[in-house]
Structures are given as C-alpha cells and as structure tokens.
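Novice: would you be able to build a 3D model of this:
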Amino acid sequence: MDDATTNSDIRLREGSSIAQRLVIAGFAAIVSLCFTPGLFAHDVLELIISVLALLLGAAFIGAVMLAPAVVWIITPNEILIGRQRPFGRLRTRIVAKDEISQLQVQGQVQARKASTTRFHLAFTLVSGERLTSPPISDVTHVRDTVARIAAQFGVPNVEAPVNPLDAANPEMHLGEPVEPFSSRDIRIVALIAVGLSAVPYAYKLWRGLSPGPVDMLLLPIGAVAAFAVHRYANLVTGAFWIIRQGDVRVERLSGDGSLRADHIEGHDVEAITVERRGRSEDEHCIVVIRLRSGQRFRSPRIGSRQEARAVGTEIVRRLRIGPENNRI
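Specialist: Got it, this is the predicted structure:
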C-alpha cells in the first residue's frame, strides 16, 4: 500500500506484493499439511477434520494468491484506475473530471483501543455508480489531501474527516485514553482462574479417584494466576500517546490502576524507528522511540508500514529530531 505524490498526481495503492503473498500462502500450506495424517486414519471424525482443514487451507491460499492489486492515479483532470491479479493482465479505467458529482471520505476503524483508522475516498459518478479508492496511507495529511482533490474536481461541501493523527491538530493522539479495569471484573477473572485450576482435582474426588501430581500442581498455579490477575491486570491496558509540539506524553497504568505519564523530548531520543508487530506489514506496524537512557517506548498499533512512517515523520518534525537519529 502506498500513497505518493508526483508533481500534481496523487497515487493510492492497495495489495500485497507477490513475495508477501507467497510467504503467507506457504505458511497456510504448511499448517494445512499438518492435517494430512488424518486422511489415513480409521477414525471418521479425524478424517472429516483433516478434509475440512485441507479445504479451508486451499481456499485461503486461493484467496491470497488471486486477490487483485489496485492503483489509483488522481490527476487534476481524471482518475486512472488500474487493477491486476498476480497472474492476469492489467485492467485500466479512466474516470473523467466531469463524470464526478460527489466526494465523501470514509473512515474505517480497524481495531478497538487503537488509532488505526483507514480513510477511503468515495466518488459518486453522474451515472449513480460509486467508486471507493484504496486507503490514504499518509494519515497525517488526510485533510490536506481531501481538500486538494475536492478543489481539483470542483466538488463542493466535502466534510472534513475526524482524524486523531492529522498533522493540523495541535495534539495528535495514538490509542485511546487508558482506564483501569473495575474491581468487580478483576475479581471475576481471578475467581475463574482459581475455578479452572480446581476442576480436574474436584472431578477426580467426585469420581472417587486419587488426584494425580498434575491435578495437585494445578491448584497453586491457579492461585498464582489469580494473584497475577489481581496485581497486574491493568498493565495490559496499553498506552495512550499525546504528540505535541516539542514533546510526546505517554500515559500508562500501574498495576494498582493509578495513571503514570512519561514525557519524551527531542534531546532525550537516541533513535526513532518503525517496527512490525505480527505477521502483516499492512496492519501491524508501530513507531518505536529509544531514549539515550536505553528505555524504549512502543506506540499503539498504527497500521501499515507507510502509515507508521507518516506518523513517525510527524513525530520527528515536532520533536526536532536530527537526521542522525531518524531511522524511519
């Protein structure tokens, strides 16, 4: 996915490369092949599970390999739309300026507790047809991009999207404000952990059997798990970043639910990078700030690598970080 500008053109891309598709398809094939021994089993249930797993794996591989790559090139006078499947020919379409009657901006929240928002352009043509663009990857300049396109095509009354990452905002927000779990929820989860650990032991006693070493070992493990939930549950609420001119405020919760905040200024930063969290570079990239003290701050999940780079570039600008510390 890419969002680049060449002279007055705006390019929007969507779709993984062939190499990325092959990696994902290969992983799915390996997982599916793990179920092949069940095809030679005499158990009917095991045979059914193996066949279903292989069919689902084949369908997933087909969907990954056949998904099209899409590119939009938006010029002052027209939109050139290209669509190509990995093993097919390129299909193109040109939408002239006078064919466009309306423009809207669609925002799609990708995950709860994250500022991962994808913005798409929705063009309504004079004929009534509706075309939706690939996402705008430069999420820090969505308003400027939309205003520029609206001016190019003479489309009035385009509503500006609500974008917590827009560079025009005095404060950019990553994630959502952190809130502690309620004491009631924590107690319920702790009791569930204790109850689950005691089920094997209670079952053996109910059947008149002697509990084994594993059954007895689960009891203290359940108690430790309940203590960990009670003490550290609030640590998994994540972080909330407030990016301002001159500093970044990182808010997190302590184990007891109290708010703690760290302030990062430009002179404290050793390096700023973009990293991937998970298997996909289209949805699981974050910004990482490493301080001179060695401490690291990992942002909430942003989205694709291009989107994370756009956010990281804006952080670099606001903190006035030198090029020697910028590794985006």
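
Novice: now whichever strand or helix holds residue 311: buried residues?
Specialist: For residue 311, the host element (DSSP states H and E) is helix 305-319. Neighbour counts over helix 305-319 (16 or more other CB atoms under 10 Å) mark 305-316, 318-319 as buried. The C-beta positions use only the backbone N, C-alpha and C, and glycine is treated the same way.

Novice: contacts for that helix next, please.
Specialist: 1-3, 137-141, 165, 167, 172, 174, 243-248, 264-266, 269, 272-274, 276, 281, 285-287, 289, 299, 302, 321, 326, 328 (CB atoms under 8 Å, 6 or more residues apart in numbering).

Novice: list only buried entries from the residues you listed.
Specialist: Neighbour counting by 16+ other CB under 10 Å classes 1, 3, 137-141, 165, 167, 172, 174, 243, 247-248, 264, 266, 269, 272-274, 281, 285-287, 289, 299, 302, 321, 326, 328 among the contacts of helix 305-319 as buried.

Novice: name the element residue 252 belongs to?
Specialist: Per DSSP H and E: strand 247-253 holds residue 252.

Novice: residues contacting that strand, please?
Specialist: Under the contact criterion CB under 8 Å, 6+ apart, strand 247-253 has outside partners 177-178, 180, 234-235, 237-242, 259-265, 289, 297, 315, 318-319.

Novice: narrow the residues you listed to those in helices?
Specialist: Mapping the contacts of strand 247-253 onto helices (DSSP state H) picks out 315, 318-319.

Novice: so where do the helices sit in the stretch 1-150 of the chain?
Specialist: Assignment of helices within the stretch 1-150 of the chain using DSSP state H, counting those that start in this stretch yields the ranges 18-33, 44-66, 142-153.

Novice: what helices or strands is the last one leaning on?
Specialist: Meaning helix 142-153. Of the remaining helices and strands, those touching helix 142-153 by 3 or more CB pairs under 8 Å, 6 or more residues apart in numbering; DSSP states H and E are strand 9-14, strand 100-109, strand 117-125.

Novice: how about the second one?
Specialist: Packing contacts for helix 44-66, counted by 3+ CB pairs under 8 Å, 6+ apart, involve helix 18-33.

Novice: low-scoring stretches of the stretch 51-200 of the chain, by residue?
Specialist: The model of the stretch 51-200 of the chain has pLDDT under 70 over residues 108-117.

Novice: before we move on, back to that, give me the subset of the contacts of helix 305-319 lying in strands.
Specialist: The members of these that map onto strands under DSSP state E are 3, 172, 174, 243-244, 247-248, 264-265, 269, 272-274, 276, 285-287, 289.

Novice: residues in contact with the closest residue to residue 308 other than its chain neighbours?
Specialist: Leaving aside its sequence neighbours, residue 308 sits nearest to residue 285 (CB to CB, 6 or more residues apart in numbering; 3.9 Å). Contacts for residue 285 (CB under 8 Å, 6+ apart) come out as 274-277, 301-305, 307-308.

Novice: repeat for residue 80
Specialist: Counting by CB under 8 Å, 6+ apart, residue 80 touches 72-73, 92-94.

Novice: that older thread, run through the bridge partners of the residue nearest to residue 308.
Specialist: residue 276, residue 303 (DSSP bridges).

Novice: what pLDDT does the model give it?
Specialist: pLDDT for residue 285: 87.

Novice: ditto for residue 19
Specialist: Note on residue 19: pLDDT of 69.

Novice: same check on residue 265?
Specialist: With respect to pLDDT, residue 265 scores 94.

Novice: in three-state terms, label the residue of the chain most remote from its centre for me.
Specialist: No residue in the chain sits farther from the centre than residue 208, which is 50.6 Å out by CA atoms, centre = their mean. With DSSP: H, G, I helix; E, B strand; the rest coil as the basis, residue 208 sits in coil.
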